[in-house]
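*Asks:* Predicted structure and sequence below. I'll ask about it afterward.
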Amino acid sequence: QVQLVESGGGLVQPGGSLRLSCAASGFTFSRESMSWYRQAPGKERELVARVNIGSRRTNYRDSVKGRFTISRDDAKNTMYLQMNSLKPEDTAVYYCRTSIWSKEYWGQGTQVTVSA
């Protein structure tokens, strides 16, 4: 079955960096677009970044442009989110997501806390 497992979250000071990973299994990873979402307490889940098949195109929400970089390694069935210059407002649970034949799949999430 499809599984998405996030890792790499933690507590970091403002201005710091983290690298999130999403390990995928149960489907042909290289054939699917992948996305990172996040959800802060009391807020709706929001799209952070998306990478399409073959990494031909990436998209970011405006608030993370220039600070976050999404990438994928199809040989390792893994997607990444490099997060630099982190701000307190980046604090959230980060989820990876894919959609296969119109069915959504989500990981369990990894907590990112940006605080002094």
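*Replies:* Received, thanks.
*Asks:* Run through the protein and note the low-pLDDT ranges.
*Replies:* The chain contains no residues with pLDDT under 70.
*Asks:* Could you tell me whether P14 really is in a helix?
*Replies:* No: assessed with DSSP: H, G, I helix; E, B strand; the rest coil, P14 is coil; it does not lie in a helix.
*Asks:* Return the residues in contact with the residue located most distally from the centre of the chain.
*Replies:* For the chain, the residue at maximal distance from the C-alpha centroid (CA atoms, centre = their mean) is A116, at 23.0 Å. A116 sits next to Q13, P14 when contact means CB atoms under 8 Å, 6 or more residues apart in numbering. From N, CA and C alone the C-beta is placed, and that goes for glycine too.
*Asks:* cool, and K76?
*Replies:* A23.
*Asks:* Same check on R31?
*Replies:* I53.
*Asks:* Got phi/psi on it?
*Replies:* phi -100, psi 0 (degrees, to the nearest 10).
*Asks:* ditto for V114
*Replies:* phi -110, psi 110.
*Asks:* Fine, thanks again, bye for now.
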